[in-house]
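>>> Need coordinates for the below:
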Amino acid sequence: MILDPKLLSVPDLHAFLLGTIGPRPIAWASTIDKEGRVNLAPYSFFNVFGTKPPTLIFSPAIPRGGQRKDTLLNVLETEEVVINIVSHAVVEQMSLSSTAYPKGTNEFVKAGLTQVKSEKVKPPRVGEAIASYECKVKQVVHLGDEPGAGNLIICEILLGHVKDEVLGEDGKPDPRKTDLVARMGGDWYCRANGTALFEIPKPNRNLGIGIDQIPDAIRNSSVLTGNNLGRLGNVEKLPDNEAVEAFSSMHEIVQIRERFSNNEEGFVNALHNLAQNYLENNQLEEAWLTLLQSPKNA
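Residues are numbered from 1 along each chain as shown. The predicted structure follows:
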C-alpha cells in the first residue's frame, strides 16, 4: 500500500501513522492556568531530545473541532508543565484522564490521583507516577492551524523525581521494575515487561565486520534471520582456524557430524540452527565457532 497524505483524510492518515509508528511513550502532562485551575492530560507524541540541557518535547494536536487543548492554552499562559511517566499500575487512570472534560475540570480528581506539590514549578505532579519531571517551557512551535496539526512544546527539565522502588542495584531505573506502557494505534497499548523486554549488546567500539563480510554460505542461510546476521556482523574479526578446530570436539558438533555424515545440506542447516540457539543466548563466539564448522567455511 502507498500512502499519499494529500489523498487521505486526516482520520485515515492518523490511523496509519499511529498504527505503524510505535510504541510511543506517553507524556502525562499536568499544567495550571493563570487562575490556578489544574489540568492533567496524556499525549503520545512525546520523547526526550537531549540531556544538556535536558529536553523533553510533546505535542498536543489540534482536535477535529479545532479547539486547542487546555494543556496547550495553559503552557502558553504559564510556560510551565510537569511531565509524569505512565506505568502499567496507572494506565487505566491515565486513560480516564484523557476524557474531554469541560475546561476547569481537575482530572486529578476525576481519575482518583494524588496531587503532589512541585518544587520548581506551579503545576502539581502525579503522586502515583514512577517518575515526574518539572519543566520550564522554552518554546512552542505551531505546525499548522488545521485539525490534526501538532504543537511542539519544547521543555527543559528543572527537577526530576523518580521512585526508589523502580531503581536497580546500580541505582538506575530497572526496566523490569518501571513496568512502562506505551501507545499503539487505535485502542491498543504496549506493556514493556516480561518477555517483551530483551537486550541487544551495543555495537563494538571497534568496527564490526558487517553483514557484507560474512561468508556467503552463512549470509544466504535459510535458517538465520536478519537479526541473527546483524548480531554476527558485530564482531571485529572471525575466530581463527585453531579455535574452530578445537570447537569441533564439542558434543553437539560431534552429534551433528554423526547424524548428517552423508547429508551436507542437513549438516549445514543443523549447524545454523545450533548457532541460532547460541545467538538467542547471547553466545556470539560459540555461534561463530559453530557456523565455521561447515565444510564450505572451515
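
>>> which residues are contacting whichever helix in the chain runs longest?
Ranked by residue count and defined by DSSP state H, the top helix of the chain is helix 264-280. Helix 264-280 is contacted by residues 217-218, 221-225, 228, 231-232, 252-253, 256-257, 259-261, 284, 286-288, 290-291, 293-296 when judged by Cβ atoms under 8 Å, 6 or more residues apart in numbering. Glycine gets a C-beta too; all of them are placed from N, C-alpha and C.

>>> Can you go through those and name the buried ones?
With burial judged by 16 or more other Cβ atoms under 10 Å, the buried subset of these is 218, 221, 224, 228, 231-232, 253, 256, 260, 284, 286-288, 290-291, 293-294.

>>> Out of the residues you listed, list just those in helices.
Filtering the buried ones among the contacts of helix 264-280 for helices - DSSP H - leaves 218, 228, 231-232, 253, 256, 284, 286-288, 290-291.

>>> And these, which two are furthest apart?
Comparing all pairs in these by Cβ to Cβ, the longest separation belongs to 231 and 256, at 21.1 Å.

>>> Let me see the contact set for the closest residue to residue 210 other than its chain neighbours.
Leaving out its chain neighbours, the residue that sits closest to residue 210 by Cβ to Cβ, 6 or more residues apart in numbering is residue 233, at 4.8 Å. Applying Cβ under 8 Å, 6+ apart, we find residue 233 in contact with 208-214.

>>> If any of these are buried, put those into a ChimeraX selection.
Filtering the contacts of residue 233 down to the buried ones (16+ other Cβ under 10 Å) takes a single ChimeraX command:
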select :208,214
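
>>> Please flag which of the contacts of residue 233 sit within strands.
Assignment to strands by DSSP state E places none of the contacts of residue 233 there.

>>> Turn the contacts of residue 233 into CSV, columns for distance to residue 266 and pLDDT.
As requested, the contacts of residue 233 are exported to CSV (distance: Cβ to Cβ, whole Å; pLDDT from 0 to 100):
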residue, distance to residue 266, pLDDT
208, 30, 88
209, 28, 91
210, 29, 92
211, 25, 94
212, 28, 94
213, 27, 93
214, 21, 94
